[in-house]
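**Q** need a 3D model of the sequence below.
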Amino acid sequence: APALSVYALDGASRLAWDTMVTGNANGEYSRQSVYVDALTGTVLGTQEHVMNGDGNTAWNGPKPVHIDTTKSGNNFLLRDPAHPTEQCQDAATNTTFSKTTDTWGNGNATSKETGCADAMFVIQTENKMLSQWLGRNSFDGNGGGWPIRVGLNDLNAFYDGTQVQVGHNQQNQWISSLDVVGHEHGHGVDDHTPG
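**A** Here you go, the predicted model:
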């Protein structure tokens, strides 16, 4: 719901409605705060919350890949703005990757951040496929999914109903490739599809 607030940017302070608007801008998902003058109805300003980061991936390309991220204060988060439950975390701490720049990974598959850049590219690509091909609203059918946690100390990956854990291969490279992450999320789709 719109919130009555004081807009104090660009000149004199004014009473304004702060409204969240979601949709598409130039074919990309958009989520904006729109500030509307409470007396005149004039749009005073907007703030986009969907950021367009670049991922220097190890497995997916061409590089860099585009990933949608979330801005929070001065930091960017590896969290999908269209599906906030879908984010990439360090499995050691269950903490979502965060930094002051919106460029992720170094292209080295032994880096957890690179593993997360790959994983975010995969789930956002898979979400587009689910929507465009099947009319499905993300992995659980209701616009949601699960955190991906890169750093499992195992030659494996798994989905357990609450998360996707991504391990490594024999070369200690995080296996967050399209086939692995897509496969684990496929278990989640099956888990949330009646019949």
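**Q** can you pull out the helices in the protein?
**A** Listed in chain order, the helices found in the chain under DSSP state H are 112-134, 178-191.
**Q** now do the contacts for Asp160.
**A** For Asp160, the contact set (C-beta atoms under 8 Å, 6 or more residues apart in numbering) is empty. Glycine gets a C-beta too; all of them are placed from N, C-alpha and C.
**Q** nope, Val180 is what I was after
**A** Val180 sits next to Ala157, Val166 when contact means C-beta under 8 Å, 6+ apart.
**Q** where's it relative to Asn156, distance?
**A** Distance of Val180 to Asn156, given as C-beta to C-beta, to the nearest Å: 9 Å.
**Q** one more: Val164?
**A** Look at Val164 and Asn156: by C-beta to C-beta, they are 12 Å apart.
**Q** the two: which is more packed in?
**A** Ranked by neighbour count (other C-beta atoms under 10 Å), Val164 and Asn156 place Val164 first, with 28 against 13.
**Q** how much space between that one and Gly186?
**A** Distance from Val164 to Gly186, by C-beta to C-beta: 11 Å.
**Q** ok, Thr125 next?
**A** On the measure of C-beta to C-beta, Thr125 and Gly186 end up 13 Å apart.
**Q** quickly list what Trp17 is bridged to.
**A** Taking DSSP bridges as the rule, Trp17 bridges to Leu4, Val36.
**Q** ok, it touching Ser33?
**A** No - at 10.4 Å, Trp17 and Ser33 do not qualify as touching, with contact defined as C-beta atoms under 8 Å.
**Q** what's around Gly135, how many residues?
**A** By the criterion of other C-beta under 10 Å, Gly135 has 7 neighbours.
**Q** cool, Leu9 as well?
**A** 11.
**Q** check contacts around the one residue sitting closest to the centre of the chain.
**A** Per C-alpha atoms, centre = their mean, the C-alpha nearest to the average position across the chain is that of Asp80, at 1.6 Å. Counting by C-beta under 8 Å, 6+ apart, Asp80 touches Asp68, Thr69, Thr70, Glu86, Gln87, Met120, Ile123, Gln124, Asn127.
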